[in-house]
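> The following block contains a protein sequence and its predicted model.
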Amino acid sequence: MERKISQHYWEEENVKRILTNPVYIGLGHYPPIMEEKEFIKIGIKYIAEHGAEDYLKRLLNNLKWHLPYKSYNERKAEGE
């Protein structure tokens, strides 16, 4: 059975999210689907086209979404 991907999937914001998502190199409990070298090459090109600030903001948002994350203040409040 052929899997159909909606047109929405390939909208610019979704593509940017995919290109800046480090889980694709095997972070967290996700299996790697690309080599780190490829992810770095993509990141360099993304930064050249969209800027470092945009790349880093998206990278951090992806990490916060996909990996267990608590801020320093949350950990401190819980006594960790």
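Arrived safely.

> Regarding residue 63, what is its secondary structure?
Look at residue 63: counting by DSSP: H, G, I helix; E, B strand; the rest coil, its state is helix.

> hang on, I meant residue 79
Following three-state DSSP, we place residue 79 in the coil state.

> Can you give me the neighbour number for it?
Using other Cβ atoms under 10 Å, residue 79 has 5 other residues around it. The way it works is simple: take the backbone N, C-alpha and C, and place the C-beta from them, glycine included.

> Phi first, then psi, for residue 37.
Main-chain dihedrals, residue 37, degrees, to the nearest 10: phi -60, psi -40.

> count of neighbours near it?
Residues within reach of residue 37, counting by other Cβ under 10 Å, total 9.

> now swap in residue 32 and tell me
So residue 32, with other Cβ under 10 Å, has 12 neighbours.

> how close does the closest residue to it other than its chain neighbours get to residue 17?
In this structure, residue 32 finds its nearest non-sequential neighbour in residue 26, 3.2 Å apart by Cβ to Cβ, 6 or more residues apart in numbering. Distance of residue 26 to residue 17, given as Cβ to Cβ, to the nearest Å: 18 Å.

> Name the spans of the protein whose pLDDT lies under the cut-off.
1-3, 5, 69-72, 75, 80 (pLDDT under 70).

> and if we set it to 80?
Residues of the chain meeting the criterion pLDDT under 80: 1-9, 28-29, 66-76, 79-80.

> What ranges does this protein have for its helices?
Using DSSP state H, the helices of the chain run over residues 12-19, 36-50, 52-66, 72-77.
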